[in-house]
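**Q** all I have is the shape, not the residue letters:
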């Protein structure tokens, strides 16, 4: 019993030390990201600063106004989503830690299409003007696509959503492709086990993931409303 007790103490001590080391690493790493955002020569009024793993919420009270503009094909804020409007919809991001592996774009939303004649809205996805996916956006997402890291040269990422046949659901007169609830970009892990470990570490050792230091509730710049 005493021997097992000692092993248990050693194991717990090791886990605590590992968690502490990981926490210190993340604090230093996050500080580096924030310094990069402050000192970059990229125009962050055009390419909005984004830290991998951050959820961009398009629901009422979410942080979407800090990342997208109406002039880039986004509809106004609705209770649970914002709509992608017109021939194309764009989001431009500056991602200081974009290098070091492929990224994965996840969009939670649903296609807007005439239910009697179509089964889904076809949406082509471009990353820095390179086609990376054609989504068959039906009634519900999420929809995913991997973004090769070699498409990102200067930590800037422009994503475009181009619908094949925008649709106006009555009585709405706008031409719509998707209603978007949330967007997230994160790293692609090589194996399912690594993804599970990463998720566990974020939820249990990092308080749910990387937190942005700047306010993402309501944009204070009218151009982003």
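**A** Received, thanks. All values derive from a computational prediction rather than experimental measurement. Residues are numbered from 1 along each chain as shown.
**Q** which SS state does residue 183 fall under?
**A** Recorded secondary structure, residue 183: strand (DSSP: H, G, I helix; E, B strand; the rest coil).
**Q** now do residue 165
**A** Following three-state DSSP, residue 165 is assigned to coil.
**Q** report the separation between residue 188 and residue 144.
**A** 10 Å (C-beta to C-beta, to the nearest Å). Where you see a C-beta, it was placed from the backbone N, CA and C, and this is true even at glycine.
**Q** common neighbours of these two, please.
**A** residue 104 (C-beta atoms under 8 Å, 6 or more residues apart in numbering).
**Q** next up, the contacts around residue 157.
**A** Residue 157 touches 47, 92-95, 98, 127-128, 147, 151, 185, counting by C-beta under 8 Å, 6+ apart.
**Q** so it sits in a strand?
**A** Yes - Residue 157 forms part of a strand when assessed by three-state DSSP.
**Q** dig out what it forms beta bridges with.
**A** residue 93 (DSSP bridges).
**Q** quickly note the distance from the most centrally placed residue in the chain to residue 50.
**A** In the chain, the centroid-proximal residue (C-alpha atoms, centre = their mean) is residue 184; its distance is 1.8 Å. Computed as C-beta to C-beta, the residue 184 to residue 50 distance reads 10 Å.
**Q** what do the two both touch?
**A** In terms of C-beta under 8 Å, 6+ apart, residue 184 and residue 50 are both contacted by the residues residue 56.
**Q** any idea how the chain splits into domains?
**A** 1-39, 44-224 (automatic domain parsing).
**Q** same list (these) but as JSON lines, adding mean pLDDT.
**A** Formatted as JSON lines, those follow (pLDDT from 0 to 100):
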{"stretch": "domain 1-39", "mean pLDDT": "64"}
{"stretch": "domain 44-224", "mean pLDDT": "85"}
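**Q** what about the residue nearest to the centre of the chain, distance to residue 75?
**A** On the measure of C-beta to C-beta, residue 184 and residue 75 end up 20 Å apart.
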